[in-house]
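K.L.:
Just a sequence and a predicted model for now, questions to come.
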Amino acid sequence: MKSSPWWKEATIYQIYPRSFFDSNGDGEGDLKGITSKLQHVQDLGVDAIWLSPFYKSPNKDGGYDVADPRDVDPRFGSLDDVKKLIEVAHSLHLKVLVDVVPNHFSDQHIWFQQALKAGRGSPERDRFHFYDPNEDGAPPNNWISLFGGPSWTQVDDGQFYLHLFDSSQPDLNWDNSDVANDYEQTLRFWLDLGVDGFRIDVAHGLVKENLLTNHPNPQGISDALRLDVSMDPEIRNALLPTVPYFDRQGVHEIYRQWRKLFDSYKDREILAVAEAWVHPPINATRYVRGDELHQVFNFDLLDARFDSEILYAIVVRSIELMESVGALPTWALSNHDSPRVTSRIGEIQARALALFVFALPGSCYVFAGQELGLPDGDIPDSSRQDPIYLRTNGKQKGRDGARVPLPWSGETAPFGFTTGTPWLPLTDKWQGLTVEKQNIDPKSTLNLYRTALKLRSDHLVGQGEINWFESPQHGAKSSSLLAVRRGNVSIYMNLSNSPIEVEITGKLLIVSAGVVDARDGKMIIPAISTIWVHH
Ligand code: GLC
Ligand code: CA
């Protein structure tokens, strides 16, 4: 069944262009490479792709440092290559989302270069957040960059500019109308080229408050934002709403304007999804009010333990939260900013969890490589590129592990990804994980994903709400069992290391691992496994 609009219960495949497929042997993935592999994506059974940035960029932060948001970086190809990619994707019935990065530009963007030249007090500087130092020479406030170190950098004439991320990513001043006008042009540019929507980077960060005031606990908010596990959750929850640069009311006015622009494109159903880390969680719903964006990422599963109580609470809460504004939740187990789910909770657990999540109402985001069960890459420190690693002097390893290129074929690294030297090393240990090997193995994670996504659209999309019948809160027969019914399908996830017998009749549609023993109205769900049963 199809949902309407298409994105309501879509599965969306995130491609990190640099790591997908290299068409020209320079060791980095590119647009032609993506286009040549779209058949793999279609075979997976997803509805859309989301492309992380491929714009002109010095690539200090994996392309999230954009030097020209309306042009393609030569390392990825050309605008013609984007057009071709969109054309081929559409011919395969795949929608295309691109990333927009409205919180900041690269310091190589012409505006920033002009601002440096034009000097203090100029209209050029007003497009960013430039201020004089305090009397004692210190930066205008004590905020800490999300990548570590101060969030201000001084330029030659003594002024400081604000950057929530790397010093090469100056934050834009959204009170300056040039900024809004330029973004409108950027959105139109990609829509006119044929894209179906946008993923909005740091959507909660565009508006800053109290720019000239110190925060009472800058280290505290920085730790809280990093979801530092050693932190008392109560302290964290109290600190997060005080972050003066995230989730301020003003951001919503910006998205209301954007929504008008989106709605003016009558020829397609546009999807705009916000990357918004907000607290308390209810604030996320504001981004998907009727006149704002369409979806907001739900990051709760990205760091959740494989534990029935925790997962039950997340699923219930995510659905309820979005219900309050008539929206459906989104789900993600991995992305380019977090450790891969296989490394975090284990291979077999990741398969069980994916199969459980694919049955839930809402949209599922799949990070390229997740369908292969890829773990994080093992990266020597000397190869690391993430500014988080560099700015914390190695204290935090950063996100490169999740960004290692995909293994496609052959017996040794780099497994067909490139004929050259890959920009991050692949390991020979991935020999069994290539697309080529998994294609022919019916038990592979790739084939599990393909079958699951096909069954999802046949039996679950559009089936409305879920009904729980086994959970810690439902007096489940085992505290390690979660089970829901949706439409004509019952979904059981056994989180324990032992098989669990349940009374059930029906046809087994799929199992994430192991073999299901079914007889006399009973089924034995294998250890750490999810099953779908059709009634
Ligand atoms: C988002 C991106 C991340 C990037 C940051 C700054 O969180 O997902 O990769 O580093 O924004 O643009
Ligand atoms: Ca290349």
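P.N.:
It's in. Ligands and ions are numbered 1, 2, ... in the order given.
K.L.:
What residues of the helix or strand hosting residue 508 count as buried?
P.N.:
Using DSSP states H and E, residue 508 maps to strand 507-511. For strand 507-511, burial by neighbour count (16 or more other Cβ atoms under 10 Å) applies to 509, 510, 511. For the C-beta atoms, the positions are set from N, CA and C on the backbone; glycine is no exception.
K.L.:
excluding its backbone neighbours, what's nearest residue 479?
P.N.:
Once flanking residues are discounted, residue 479 sits nearest to residue 472: 5.5 Å by Cβ to Cβ, 6 or more residues apart in numbering.
K.L.:
Contact partners for the one you found?
P.N.:
308, 309, 312, 479 (Cβ atoms under 8 Å, 6 or more residues apart in numbering).
K.L.:
Out of the buried residues of strand 507-511, which comes closest to ligand 2?
P.N.:
residue 510 (36.6 Å; Cβ to the ion).
K.L.:
Kindly state the beta-bridge partners for the closest one.
P.N.:
residue 532 (DSSP bridges).
K.L.:
list the contacts for it?
P.N.:
Here residue 510 is in contact with 355, 448, 451, 452, 455, 531, 532 (Cβ under 8 Å, 6+ apart).
K.L.:
so who does the second one touch?
P.N.:
Listed by Cβ under 8 Å, 6+ apart, the contact set of residue 448 reads 351, 354, 355, 510, 512.
K.L.:
Now the phi/psi pair for it, please.
P.N.:
The phi and psi torsions at residue 448 (degrees, to the nearest 10) take the values phi -60, psi -50.
K.L.:
any chance of the contacts of residue 510 in TSV, with distance to residue 231 and pLDDT too?
P.N.:
Converted to TSV, the contacts of residue 510 look like this (distance: Cβ to Cβ, whole Å; pLDDT from 0 to 100):
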residue	distance to residue 231	pLDDT
355	33	98
448	36	98
451	41	98
452	36	98
455	41	98
531	38	98
532	38	98
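K.L.:
ok, and the most crowded of those residues?
P.N.:
residue 531 (28 neighbours; other Cβ atoms under 10 Å).
K.L.:
how close does the residue nearest to that residue when sequence neighbours are not counted sit to ligand 1?
P.N.:
What sits nearest to residue 531 in space, not counting adjacent residues and going by Cβ to Cβ, 6+ apart, is residue 511, at 4.8 Å. With distances taken as Cβ to the nearest ligand atom, to the nearest Å, residue 511 is found 34 Å from ligand 1.
K.L.:
Was I right to think residue 511 contacts residue 529?
P.N.:
Yes: with contact defined as Cβ atoms under 8 Å, residue 511 and residue 529 form a contacting pair (5.9 Å).
K.L.:
my read is residue 502 is in a strand, agree?
P.N.:
Yes: counting by DSSP: H, G, I helix; E, B strand; the rest coil, one finds residue 502 located in a strand.
K.L.:
Check the burial of it by counting its neighbours.
P.N.:
Residue 502, neighbours per other Cβ under 10 Å, totals 19.
K.L.:
Just list whatever residues bridge to it.
P.N.:
residue 523.
K.L.:
Name all residues that make contact with it.
P.N.:
470, 477, 481, 483, 492, 522, 523, 524, 525.
K.L.:
so what's the residue sitting nearest the centre point of the chain closest to, chain neighbours aside?
P.N.:
Centroid-nearest residue in the chain, with Cα atoms, centre = their mean: residue 335, separated by 4.4 Å. Residue nearest to residue 335 in three dimensions, not counting chain neighbours: residue 367, with 5.0 Å by Cβ to Cβ, 6+ apart.
K.L.:
can you check residue 10 too?
P.N.:
residue 47 (4.0 Å).
K.L.:
Over to residue 158?
P.N.:
Per Cβ to Cβ, 6+ apart, closest to residue 158 is residue 133, 6.3 Å.
K.L.:
Just want the phi and psi numbers for that neighbour.
P.N.:
Torsion angles, degrees, to the nearest 10, at residue 133: phi -70, psi 160.
K.L.:
my guess is it contacts residue 161, does it?
P.N.:
No: the criterion here is Cβ under 8 Å, and residue 133 misses it with residue 161 at 11.7 Å.
K.L.:
For the residue nearest to residue 335, give me its contacts.
P.N.:
14, 16, 332, 333, 334, 335, 336, 340, 402.
K.L.:
Inside strands: which ones of those?
P.N.:
14, 332 (DSSP state E).
K.L.:
quick one: the strands in the stretch 101-250 of the chain?
P.N.:
Assigned by DSSP state E, counting those that start in this stretch, the stretch 101-250 of the chain shows strands spanning 130-131, 152-154, 160-162, 197-200.
K.L.:
Not counting the first one itself, show me its contacts.
P.N.:
Identification of contacts with strand 130-131 by Cβ under 8 Å, 6+ apart yields 115, 120, 140, 155, 159, 160, 161, 162, 211, 212.
K.L.:
got the CA positions of the strand holding residue 508 in CSV?
P.N.:
Output in CSV follows, covering the C-alpha atoms of strand 507-511 (Å, rounded to 0.1, in the frame of the first residue of the first chain):
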residue,chain,number,x,y,z
LYS,A,507,1.8,-17.5,8.6
LEU,A,508,5.3,-16.6,9.5
LEU,A,509,6.3,-13.8,7.1
ILE,A,510,9.9,-13.1,8.2
VAL,A,511,12.4,-13.7,11.0
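K.L.:
and the next element down the chain from that strand?
P.N.:
Following strand 507-511 in sequence, per DSSP H and E, is strand 517-519.
K.L.:
So which bits of that next one are buried?
P.N.:
residue 518.
K.L.:
which helices and strands sit right next to it?
P.N.:
strand 522-525 (3 or more Cβ pairs under 8 Å, 6 or more residues apart in numbering; DSSP states H and E).
K.L.:
you'd agree residue 485 is in a strand?
P.N.:
Yes: counting by three-state DSSP, residue 485 is located in a strand.
K.L.:
Quickly list what it is bridged to.
P.N.:
Here residue 485, judged by DSSP bridges, has bridge partners residue 467, residue 490.
K.L.:
quick one: contacts for it?
P.N.:
466, 467, 469, 491.
K.L.:
From residue 115, how far off is it?
P.N.:
58 Å (Cβ to Cβ, to the nearest Å).
K.L.:
Tell me which stretches of this structure form helices.
P.N.:
31-36, 38-44, 79-91, 110-118, 177-193, 218-225, 233-239, 250-263, 308-323, 341-345, 347-357, 387-391, 435-439, 445-455 (DSSP state H).
K.L.:
and of these, who's closest to residue 67?
P.N.:
Each of the helices of the chain has some distance to residue 67 by Cβ to Cβ; the shortest is helix 110-118, at 8.0 Å.
K.L.:
ok, residues contacting the closest one?
P.N.:
68, 105-107, 122, 124-125, 127-128, 130, 155-156, 161, 170.
K.L.:
Looking at those, spot the one nearest ligand 2.
P.N.:
Nearest to ligand 2 among the contacts of helix 110-118, with distances taken as Cβ to the ion, is residue 68, at 19.2 Å.
K.L.:
Just want the residue of the stretch 351-500 of the chain that's nearest ligand 2.
P.N.:
For the stretch 351-500 of the chain, Cβ to the ion, closest residue to ligand 2: residue 418, 7.1 Å.
K.L.:
Can you give me the neighbour number for that residue?
P.N.:
23.
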